[in-house]
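Participant: pasting a predicted model and its sequence here:
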Amino acid sequence: MIRLILSLTAIVCLASNSNLLTAQGFVKTHWNVDAKNDIFKFGTFDKPGDVNVPDGWQNLSAFDSGNATFSPRGLGMISLNSPTDDGDVYIETMIDVPADAKYLTFMVRQRGPMLTKTSKPASGGGVRFSLIKGDTVTRTLNRIEPSYEGYRNWTIAIQTIQVMPSEDTLRIRVEITNATGSLDINKILVVPSEIMKEATVEQQRQLDQALAKDDPELIQQLIKAAPHMLEVRTGNHDNGTPLIRTAFVGAPKVAAALVKLGADIEAKDSNWGNTPLRWCCWWGIPDVAEILMEAGADANGASAMARSSKTNNSFTKRTPEDFDRTVKVIEDQLEKRKSK
């Protein structure tokens, strides 16, 4: 098995609900602590090799088991295939557990609509993590499974474990058991975590509610009670901070409250590296863009991005006028900065 070693330069903090949890931290880089040393990251790879997968993963002789086949489906995605519903097919790899890691957290993004389950035991697929001490597997966690419905229905699942003394290796296995078809995965990330600074499930629910209702009073109450929630990251909206997420959902009142509370206006999401302002430009959210510009956000290339998204973004529900307003807000604010 190829051996991948994580390069760790920061701490990520977590919030838990049994095995599912949400993540937050006090550093600008979350999830992939070193951008070139996660297991693999959407759109980029640490040594991609000839078939655009992490170095070593394209070697079927190392990872193929039985009748499993492994193939890339475009940049940033792999597909594990099982032609029969008899037994397990899998690919796996190992990584060294950092000596000072007390907890590890995993984030998996996957889908399984082309996977057909059977009535056999443990039928299905997903990602399974195991802790190893020396040559002995000490613990194997429950498999993280995808959604089995809807071709576009990617699911994000987050899991945490405590590292016990002498556990020095983590096994990561992508598997299909007693099922036929394919399992698609475009993200497996592993980071050390500090669970003593976790957020609660209730705090996460309040954050989601504040964003959905654009409720500044609720967000203020939440952050006053739990200051770490100011920069919390949950895996949603490209693993962005609450301020980034206001640009996705269009929550200007919450955005204003977050800025006033000291949120990082130049924070970047984990997938694309976009700031809150650039996400306003992508989605056509002028009201949030105005708040960010007034707070001094870096607008380099922002208006050009909004103009491009106006014609090229087929996912937004915003009107062309929203994008025009976004451009005007940015350019008007830039003129004001020049006059000062």
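Facilitator: Great, that's in hand.
Participant: what stretches of the stretch 1-150 of the chain score poorly on pLDDT?
Facilitator: 1-77 (pLDDT under 70).
Participant: if we use 90, what do you get?
Facilitator: Low-confidence regions of the stretch 1-150 of the chain, defined by pLDDT under 90, span residues 1-84, 86-111, 113, 135, 147-150.
Participant: stretch 133-148: end-to-end distance?
Facilitator: Using CA to CA, to the nearest Å, the gap from the first to the last residue of stretch 133-148 comes to 34 Å.
Participant: buried ones in that stretch, by neighbour count?
Facilitator: Neighbour-count burial for stretch 133-148, with 16 or more other CB atoms under 10 Å as criterion, is recorded at I144, E145, P146, Y148. (Each C-beta comes from the backbone N, C-alpha and C, glycine too.)
Participant: in a helix, the third one, correct?
Facilitator: No: counting by DSSP: H, G, I helix; E, B strand; the rest coil, P146 is not found in a helix; it is coil.
Participant: residue ranges of the helices in this protein, please?
Facilitator: Counting by DSSP state H, the chain forms helices over residues 60-63, 201-213, 216-225, 242-249, 252-260, 276-283, 286-294, 302-312, 320-339, given from the N-terminal end onward.
Participant: quick one: which of those helices is nearest L131?
Facilitator: Judged by CB to CB, the one of the helices of the chain that comes nearest to L131 is helix 60-63, at 20.3 Å.
Participant: for A179, list each beta-bridge partner.
Facilitator: Beta bridges link A179 to K117 when assigned by DSSP bridges.
Participant: ok, it - contacts?
Facilitator: By CB atoms under 8 Å, 6 or more residues apart in numbering, the contact list for A179 reads S82, D85, L115, T116, K117, T118, S123, G124, G125.
Participant: now a ChimeraX select for only the buried ones of those.
Facilitator: Selecting only the buried entries of the contacts of A179 in ChimeraX, with 16+ other CB under 10 Å as the criterion:
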select :82,85,115,117,123,124,125
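Participant: looking at the contacts of A179, which is nearest T319?
Facilitator: Set against T319, the nearest of these by CB to CB is L115 (38.7 Å).
Participant: give me every residue that touches that closest one.
Facilitator: By CB under 8 Å, 6+ apart, the contact set of L115 is G124, G125, P146, Y148, I176, A179, T180, G181, S182, L183.
Participant: and the furthest pair within these?
Facilitator: Checked with CB to CB, the contacts of L115 reach their widest spread between P146 and T180, with 15.0 Å between them.
Participant: can you count the residues close to the nearest residue to D324 once chain neighbours are set aside?
Facilitator: Take D324 and drop its neighbours on the chain: the residue closest to it by CB to CB, 6 or more residues apart in numbering is K310, 7.4 Å away. Other residues near K310 come to 20 when the count uses other CB atoms under 10 Å.
Participant: how close does K310 get to S303?
Facilitator: Summarising the geometry, the distance separating K310 from S303, computed by CB to CB, to the nearest Å, is 11 Å.
Participant: turn the contacts of L115 into a markdown table, including distance to N274.
Facilitator: A markdown table is the format used below for the contacts of L115 (distance: CB to CB, whole Å):
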| residue | distance to N274 |
| --- | --- |
| G124 | 34 |
| G125 | 32 |
| P146 | 26 |
| Y148 | 31 |
| I176 | 34 |
| A179 | 37 |
| T180 | 39 |
| G181 | 34 |
| S182 | 30 |
| L183 | 29 |
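Participant: closest to F315 among these?
Facilitator: Using CB to CB, P146 comes nearest to F315 of the contacts of L115, at 21.5 Å.
Participant: could you give the mean pLDDT of stretch 159-166?
Facilitator: Taken as a whole, stretch 159-166 carries a mean pLDDT of 85.
Participant: need the distance between the two termini of it.
Facilitator: Taking CA to CA, the span from the opening residue of stretch 159-166 to its closing residue is 21 Å.
Participant: can you mark which positions in that stretch are buried?
Facilitator: Buried-residue list, stretch 159-166, by 16+ other CB under 10 Å: Q159, T160, I161, V163.
Participant: again with stretch 269-283
Facilitator: Within stretch 269-283, the residues scored as buried using 16+ other CB under 10 Å are 269-271, 274-283.
Participant: give me the distance from that stretch to the chain's centre.
Facilitator: What separates the centre of stretch 269-283 from the centre of its chain is 14 Å, taken as CA atoms, centre = their mean, to the nearest Å.
Participant: distance between the ends of it?
Facilitator: Using CA to CA, the two ends of stretch 269-283 sit 15 Å apart.
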